[in-house]
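Asker: no letters, just coordinates:
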Ligand SMILES: NC(=O)c1ccc[n+]([C@@H]2O[C@H](COP(=O)([O-])OP(=O)(O)OC[C@H]3O[C@@H](n4cnc5c(N)ncnc54)[C@H](O)[C@@H]3O)[C@@H](O)[C@H]2O)c1
């Protein structure tokens with residue numbers, strides 16, 4: 001039996017990368033997926049590909065940093081399905097810059113998308129997750145919330161906050177039947193990392209620091225999201241799973 005049969009799932013930032021791979025896997029496992037992204041065209045294309053195969057998908061243009069977009073999204077789900085069984089807070093951006101030269105605008109944008117967006121979605125989706133009676137919220141944190149790397153201090157600060165938020169929400173939402181967990185991916189080949197992973201010496205050094213000796217794929221992460229989304233993790237809340245080929249474990 002499919003692992004998400006008849007579940008209603010929302011995935012933010014799901015027109016590309018990890019979010020898209022997760023939406024495709026969820027739909028194949030029987031869920032109706034809300035594919036939402038600031039790139040509305042990409043979201044519509046991804047949803048059309050799934051519905052064309054007879055799978056359940058709805059596309060919406062949603063910028064998680066805009067309160068009115070998130071409110072409209074929740075109103076639509078309320079009208080169409082009245083509940084949310086799975087919410088994946090995946091939308092995220094990176095601003096790679098020498099910390100000393102980072103502008104206020106860069107920091108505000110990073111925080112608005114990576115942190116304010118997750119907080120807004122978790123808060124506004126709460127009534128719909130409560131209506132499910134058995135919901136799972138999965139947050140995309142990062143290895144950068146636990147390790148330091150040049151040009152990634154501010155990004156890492158938003159991701160470390162997501163790890164803390166995950167533990168707090170796990171405690172606060174548990175009485176309502178909502179589990180909350182996080183994933184900490186290492187280096188995954190997507191548009192987010194494309195430019196830096198193309199730098200040969202940097203790529204080589206990263207692989208040497210990865211016991212499994214390769215970068216991750218969006219599908220590697222999607223499989224871990226599915227674990228937290230499904231009843232296979234029914235007694236797990238407040239946890240964070242590294243999906244990093246062993247990078248965090250290595251000295
Ligand atoms: N790729 C990695 O190595 C890696 C590692 C650790 C954590 N992560 C995290 O995983 C998540 C997904 O990353 P990815 O690599 O798939 O990135 P990606 O850039 O390939 O895809 C991100 C998607 O989010 C969308 N998006 C950006 N801003 C948005 C906004 N304001 N509202 C809604 N959608 C928005 C983009 O349009 C895009 O479709 C992010 O939170 C990222 O921080 C990625």
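Answerer: Yes, it's here. As the structure is a computational prediction, the values presented were derived from the model and not from experiment. Numbers count the residues shown, from 1 in each chain.

Asker: burial count for residue 86?
Answerer: 26 (other Cβ atoms under 10 Å). C-beta coordinates here come from the backbone N, C-alpha and C atoms, glycine included.

Asker: ok, it to residue 65 distance?
Answerer: Using Cβ to Cβ, to the nearest Å, residue 86 is found at 22 Å from residue 65.

Asker: the residue in the stretch 51-200 of the chain that the ligand sits nearest to: how many residues sit nearby?
Answerer: Proximity of the stretch 51-200 of the chain to the ligand (Cβ to the nearest ligand atom) peaks at residue 92, 2.2 Å away. Close neighbours of residue 92, defined as other Cβ under 10 Å, add up to 26.

Asker: just confirm residue 149 contacts residue 159, I think it does.
Answerer: No: in this structure residue 149 lies outside contact range of residue 159 using Cβ atoms under 8 Å: 11.6 Å.

Asker: neighbour count for these two, which is higher?
Answerer: Neighbours of residue 149 and residue 159, each counted by other Cβ under 10 Å, are more numerous for residue 159; the result is 25 against 12.

Asker: ok, that one - contacts?
Answerer: Residue 159 makes contacts with 114, 141, 142, 144, 145, 184, as judged by Cβ atoms under 8 Å, 6 or more residues apart in numbering.

Asker: tell me the pLDDT at the last one?
Answerer: Right, the one you point to is residue 184. pLDDT for residue 184: 98.

Asker: kindly report the same for the fourth one.
Answerer: Reading off the per-residue confidence, residue 144 sits at a pLDDT of 98.

Asker: that one - how many residues pack around it?
Answerer: 22.

Asker: so it, which of the three states?
Answerer: helix (DSSP: H, G, I helix; E, B strand; the rest coil).

Asker: quick check: the gap between the residue lying closest to it once chain neighbours are set aside and residue 108.
Answerer: Nearest residue to residue 144, sequence neighbours excluded (Cβ to Cβ, 6 or more residues apart in numbering): residue 156, at 3.9 Å. Distance from residue 156 to residue 108, counting by Cβ to Cβ: 17 Å.

Asker: higher neighbour count, those two?
Answerer: The neighbour comparison of residue 156 against residue 108 (other Cβ under 10 Å) goes to residue 156, with 18 against 12.

Asker: contact residues of the stretch 151-251 of the chain facing the ligand?
Answerer: 185, 187, 188, 190, 191, 192, 193 (Cβ under 6 Å from any ligand atom).

Asker: 8 Å instead?
Answerer: Taking Cβ under 8 Å from any ligand atom as the contact definition, the stretch 151-251 of the chain meets the ligand at 155, 159, 183-193, 215-216, 218, 221.

Asker: could I have the buried ones of the residues you listed as PyMOL selection syntax?
Answerer: Entered in PyMOL, the line below selects the buried ones among those, by 16 or more other Cβ atoms under 10 Å:
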select buried, resi 155+159+183+184+185+186+187+188+190+192+193+215+216+218+221
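
Asker: among the residues of the stretch 151-251 of the chain next to the ligand, which lie within strands?
Answerer: Mapping these onto strands (DSSP state E) picks out 183, 184, 185.

Asker: before we move on, the earlier item: of the contacts of residue 159, closest to residue 237?
Answerer: Among these, residue 141 lies closest to residue 237 (Cβ to Cβ), at 14.9 Å.

Asker: just give me the neighbour total for that closest one.
Answerer: 29.

Asker: check contacts around it.
Answerer: 159, 160, 162, 163, 166, 182, 183, 184, 240.
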